[in-house]
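Student: build the 3D model from these lines:
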Amino acid sequence: MTVSPINATNSDLVWISENPDVASVDNGVITAVNYGETVVYVRAIDTEDVELQLKITVSPYTRLFGTSRYDTAIAISDEGWESADTVVLANGTNYADALAGVLLAYKLNAPILLTAGKAQLEASVAEQIEKLGATKVVLLGGSFAISEDIENELKANYTVERVFGTTRYDTALEISKIVEPDPSTVFVVTGTNYADALSVSPYAAMKAYPIVYSNPTSGLTPSTVEYLSSAQKIYIIGGEMAVGQNTVDQLEGKDVERIFGTSRYLTSYEIANKFADEFGNAVMFATGTNFPDALAGGVLGAKIGTPLLLTHPNGTIEEIKDFVLDKNPRTVYILGGVGAVPDSVIEDIFE
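Tutor: Predicted structure coming up:
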């Protein structure tokens with residue numbers, strides 16, 4: 001505070017919080033206590049004519065977003081990394097090669113940034129890589145996912161490594177081999193949708209449990225079956241429409257457990273509930289109707305130890321609401337803007 005005149009007889013101040021159950025104040029230091037709003041008043045002790053009012057809102061969440069999916073990924077990386085030796089770059093328009101990349105990014109302590117993968121890297125993404133001080137960029141997927149032009153552009157300033165296979169199933173397998181060459185526990189998800197893989201990605205990354213893809217019709221590829229030969233525990237994520245009985249038959253002799261709900265939203269809840277004791281006191285929300293925000297956020301979720309819960313744009317899933325209220329998290333992250341996860345959905349949880 002600046003006191004005028006500087007030789008005032010009494011420059012002492014009185015600080016008062018209208019609702020100290022929301023935010024308390026002690027000699028100008030305001031401390032959040034609970035969610036809600038209050039007004040903090042500061043007055044000159046000698047006269048009520050000199051007063052300032054501060055409206056204080058204690059929000060239950062931090063929203064990480066930008067004007068595009070690429071800028072949202074940058075905002076997420078800013079939250080988790082002041083600097084990074086390595087950056088993982090994934091296609092932001094097609095999830096096929098990227099879903100298992102959360103595990104690799106976590107292993108490398110690297111944020112995931114997104115690109116459209118065309119002729120030139122987005123300027124904001126290039127600036128973020130430079131800002132992080134990275135020396136290496138790992139590309140997820142072949143040249144159809146991220147062009148050779150972008151690869152060559154990056155090679156001018158960074159060491160560039162590309163992780164890919166001839167199909168999405170092979171790419172996921174190549175990533176898994178880097179994360180854990182000889183796995184004992186593995187997650188199996190469908191390779192034809194993104195939701196289940198993203199929901200389980202923070203926990204899988206935390207535990208270094210690889211994620212491999214299954215096809216609903218043909219099951220696991222022969223090379224994936226071979227990779228799983230050392231695994232004893234297999235978690236299948238999703239119902240039989242996602243990962244069919246044919247995949248279960250290929251896993252004969254192993255301890256197979258299926259985790260699923262009747263929707264992608266409830267599957268995210270079942271995953272969070274199953275491993276609740278191993279997460280910290282935080283939760284993370286992303287839309288269940290698209291993949292980029294959850295893909296970039298999955299590695300941040302692993303880093304801070306939080307489940308990733310998928311939200312429906314039209315309202316709150318009651319099981320998810322009950323889970324969050326029971327957890328009473330100290331930190332809540334929302335990935336994406338209000339168009340992705342409306343304020344009303346989050347406010348309904350914390351009403």
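Student: so V42, which state does it fall into?
Tutor: Put simply, V42 is strand when judged by DSSP: H, G, I helix; E, B strand; the rest coil.
Student: and if you look at D49?
Tutor: Once three-state DSSP is applied, D49 turns out coil.
Student: quick one: contacts for the closest residue in space to K254 that isn't next to it in sequence?
Tutor: Computed as Cβ to Cβ, 6 or more residues apart in numbering, the closest residue to K254 that is not its neighbour in sequence is I234, at 5.1 Å. For every residue, glycine as well, the C-beta is placed using N, CA and C. If you count contacts by Cβ atoms under 8 Å, 6 or more residues apart in numbering, I234 has them with T185, V186, F187, V188, L228, L251, K254, D255, V256, E257.
Student: element containing I234?
Tutor: strand 233-237 (DSSP states H and E).
Student: just the C-alpha atoms of that strand, please, in PDB.
Tutor: Below are the C-alpha coordinates for strand 233-237, written out as PDB (Å, rounded to 0.1, in the frame of the first residue of the first chain):
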ATOM      1  CA  LYS A 233      -2.000 -59.100 -16.100                       C
ATOM      2  CA  ILE A 234      -4.000 -57.700 -18.900                       C
ATOM      3  CA  TYR A 235      -6.600 -55.000 -18.400                       C
ATOM      4  CA  ILE A 236      -9.100 -54.700 -21.300                       C
ATOM      5  CA  ILE A 237     -10.600 -51.200 -21.400                       C
END
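Student: please enumerate the strands of the stretch 151-300 of the chain.
Tutor: Applying DSSP state E, counting those that start in this stretch to the stretch 151-300 of the chain gives strands spanning 159-163, 185-190, 211-214, 233-237, 255-259, 282-287.
Student: what helices and strands are in contact with the third one?
Tutor: Contact analysis of strand 211-214 by 3 or more Cβ pairs under 8 Å, 6 or more residues apart in numbering; DSSP states H and E lists helix 168-179, strand 185-190, helix 195-207, helix 222-227 as its packing neighbours.
Student: please redo it, this time with the cut-off set to 6 Å
Tutor: For strand 211-214, the helices and strands in contact under the criterion 3 or more Cβ pairs under 6 Å, 6 or more residues apart in numbering; DSSP states H and E are helix 168-179, strand 185-190.
Student: name every strand pairing with the shortest one and say which way it goes.
Tutor: Sheet neighbours of strand 185-190, with direction, are listed as strand 211-214 (parallel), strand 233-237 (parallel) (DSSP bridges).
Student: circling back: would you indicate which residues of the strand holding I234 are buried?
Tutor: Within strand 233-237, the residues that count as buried by 16 or more other Cβ atoms under 10 Å are I234, Y235, I236, I237.
Student: picking up where we left off before, buried subset of the contacts of I234?
Tutor: Neighbour-count burial (16+ other Cβ under 10 Å) applied to those gives T185, V186, F187, V188, L228, L251.
Student: that older thread, tell me which of the strands paired with strand 185-190 sits nearest to V102.
Tutor: Among those, strand 211-214 comes nearest to V102, with 8.0 Å by Cβ to Cβ.
Student: what mean pLDDT does the closest one have?
Tutor: Strand 211-214 carries an average pLDDT of 98.
Student: got a list of contacts for that strand?
Tutor: Residues outside strand 211-214 that contact it (Cβ atoms under 6 Å, 6 or more residues apart in numbering) are 100, 169, 172, 176, 187-189, 191, 197, 204, 220, 224, 243, 247.
Student: buried sites along it?
Tutor: I211, V212, Y213, S214.
Student: show me the beta-bridge partners of the third one.
Tutor: Using DSSP bridges, the bridge partners assigned to Y213 are V189.
Student: mind checking how far it is from E240?
Tutor: Distance, Y213 to E240, by Cβ to Cβ, to the nearest Å: 16 Å.
Student: for the last one, same thing?
Tutor: According to Cβ to Cβ, S214 and E240 sit 11 Å apart.
Student: can you pull the contacts of the residue lying closest to T306 once chain neighbours are set aside?
Tutor: Computed as Cβ to Cβ, 6+ apart, the closest residue to T306 that is not its neighbour in sequence is A282, at 4.1 Å. Shown in contact with A282 (Cβ under 6 Å, 6+ apart): I304, T306, P329, T331.
Student: for P60, see how far away A282 is.
Tutor: 11 Å.
Student: tell me where the stretch 1-150 of the chain has strands.
Tutor: Using DSSP E, counting those that start in this stretch, strands in the stretch 1-150 of the chain cover 13-17, 23-26, 29-32, 36-44, 51-58, 62-64, 86-91, 112-115, 136-140.
Student: ok, residues contacting the second one?
Tutor: Okay, so that is strand 23-26. W15, S17, I30, T31, A32, V33, T38, V40, I56, V58.
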